[in-house]
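> Sequence and predicted model, in that order:
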Amino acid sequence: MDPTDLLSALAEETRLGVVRLLWDGQEHCVCELMNKLGATQSRMSRHMGVLKGVGLVVDRRDAQWVRYRRNPNLDPRVVALVDAVLALPAREKRAAA
């Protein structure tokens with residue numbers, strides 16, 4: 001896993017929110033992620049593709065739903081890096097200019 005790709009994936013607010021939710025070790029339906037993060041289906045699919053591409057998440061199809069979870073085979077160094085990123089204080093939303 002390329003560290004630059006990993007950090008780039010985590011740098012986007014919605015993807016970081018997804019990782020924060022999936023880091024509980026449970027499986028989450030894409031509809032749940034969409035609702036909690038206020039994202040459309042197409043936007044969520046794009047973000048999940050990035051997270052799958054860097055190996056942070058895995059998916060499972062369940063009838064018409066797709067369920068995601070943290071990749072159980074992550075290198076411990078990657079887990080430590082993600083844990084460190086998640087421990088950082090949340091960035092405040094910028095006011096519209």
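Received, thanks.
> can I assume V54 is in contact with A9?
Yes: using Cβ atoms under 8 Å, V54 is in contact with A9, at 4.7 Å. Glycine gets a C-beta too; all of them are placed from N, C-alpha and C.
> neighbour count winner among these two?
Per other Cβ atoms under 10 Å, whichever of V54 and A9 has more neighbours is A9, with 23 against 20.
> how about that one, what does it touch?
R15, V50, L51, G53, V54, L56 (Cβ atoms under 8 Å, 6 or more residues apart in numbering).
> what does V78 give?
The contact partners of V78, by Cβ under 8 Å, 6+ apart, come to M1, L6, G55, L56.
> Output the below-cut-off pLDDT ranges for the chain.
The model of the chain has pLDDT under 70 over residues 92-97.
> Sketch out the helices for it, chain order is fine.
Taking DSSP state H as the test, the helices found in the chain are 3-10, 13-22, 30-37, 41-53, 76-87.
> returning to that earlier point: between the contacts of V78, identify the one with the most neighbours.
Highest neighbour count within these: L56, with 25 neighbours (other Cβ under 10 Å).
> Next, count neighbours for the residue nearest to that one when sequence neighbours are not counted.
Excluding its sequence neighbours, the residue lying closest to L56 (Cβ to Cβ, 6 or more residues apart in numbering) is N71, at 5.9 Å. For N71, the tally of surrounding residues (other Cβ under 10 Å) stands at 17.
> Pretty sure W65 sits against H28.
No: using Cβ under 8 Å, W65 makes no contact with H28, being 10.3 Å away.
> Out of these two, name the residue with the larger neighbour count.
H28 (18 against 11).
> Could you check how far the residue lying closest to V85 once chain neighbours are set aside is from R91?
What sits nearest to V85 in space, not counting adjacent residues and going by Cβ to Cβ, 6+ apart, is L10, at 5.3 Å. Separation of L10 from R91 (Cβ to Cβ, to the nearest Å) stands at 12 Å.
> The two: who's more crowded?
Legend: neighbour count by other Cβ under 10 Å for L10 and R91, higher for L10 (19 against 8).
> Okay then, goodbye and thanks.
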